[in-house]
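Peer 1: how would this look folded up:
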Amino acid sequence: ALRLGVVAGGRRVRAGTAAVRASVRAGGGGLSGRWGRNGVISRGWAIDAVVYLAFASSPGPCALICWFLFYGTYFGCSEGAEKALIADLTPKGRQGTAFGYYNAAIGLGALIASIGFGFLYERFGSGVAFGTGSALAGLAAVLLLALPTDAQMADCAAYNSRHQSRLGALGRAHGARHRA
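Peer 2: A predicted model of the protein is given here:
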């Protein structure tokens, strides 16, 4: 961005990206019902990979700005599905803790990624830095598809819920026998 002279308009570009993100968010949530959480998230991460490649090869400021605006679709599509997946996988009463861990992991991951990106950028140039980011985002998208689907996780959660309630009842009965 600095090489292409886009830094001066950075606030407007970030505001535009936020507007795209907000406008896409509701549609991304709807897609989560159609494609499943993993499907939406992996597609969002694939968009992230494409955009990072485009950042590395943008010929000028106009193209870079357009890619930044398109980058908002990644956030808009995947952010809600990521949070919904956390909520789906977390037992009731533990969701606050789960979201705390999720946000801590996001922050720590962003810090590590930024340090790594800066190192690669300074040492090898923007192409290597953005190419590495693209490769990692693409790898994450593919690996996410290898995880169980939403339906499989829902079946597992329902199974666990049924058995936890049975185990809880057995534990209460066992405790009552020993107290008597």
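Peer 1: Show the subsequent helix or strand relative to the helix or strand encompassing Thr97.
Peer 2: Assigned by DSSP states H and E, Thr97 belongs to helix 95-124. The helix or strand immediately downstream of helix 95-124 is helix 126-146, counting by DSSP H and E.
Peer 1: So what touches that next one?
Peer 2: 3, 38-39, 41-43, 45-46, 48-50, 52-53, 55-57, 113, 116-118, 120-121 (CB atoms under 8 Å, 6 or more residues apart in numbering). Any C-beta I mention is one placed from the backbone N, CA and C, and that applies to glycine too.
Peer 1: thinking again about what came up before, and the helix holding Thr97, what does it pack onto?
Peer 2: helix 61-89, helix 126-146 (3 or more CB pairs under 8 Å, 6 or more residues apart in numbering; DSSP states H and E).
Peer 1: Any chance of those in a markdown table with mean pLDDT and mean neighbour count as columns?
Peer 2: Converted to a markdown table, those look like this (pLDDT from 0 to 100; neighbours: other CB atoms under 10 Å):
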| stretch | mean pLDDT | mean neighbour count |
| --- | --- | --- |
| helix 61-89 | 83 | 19 |
| helix 126-146 | 91 | 16 |
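Peer 1: want to try TSV for these, with distance to Thr97 as columns?
Peer 2: Formatted as TSV, the helices and strands packed on helix 95-124 follow (distance: least, CB to CB, whole Å):
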stretch	distance to Thr97
helix 61-89	11
helix 126-146	23
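Peer 1: in the chain, what spans have low per-residue confidence?
Peer 2: Confidence mapping of the chain against pLDDT under 70 gives the ranges 1-10, 28-29, 149-180.
Peer 1: if we go to 90?
Peer 2: Along the chain, segments meeting pLDDT under 90 span 1-45, 47-48, 55-93, 95, 126, 144-180.
Peer 1: Much appreciated, bye for now.
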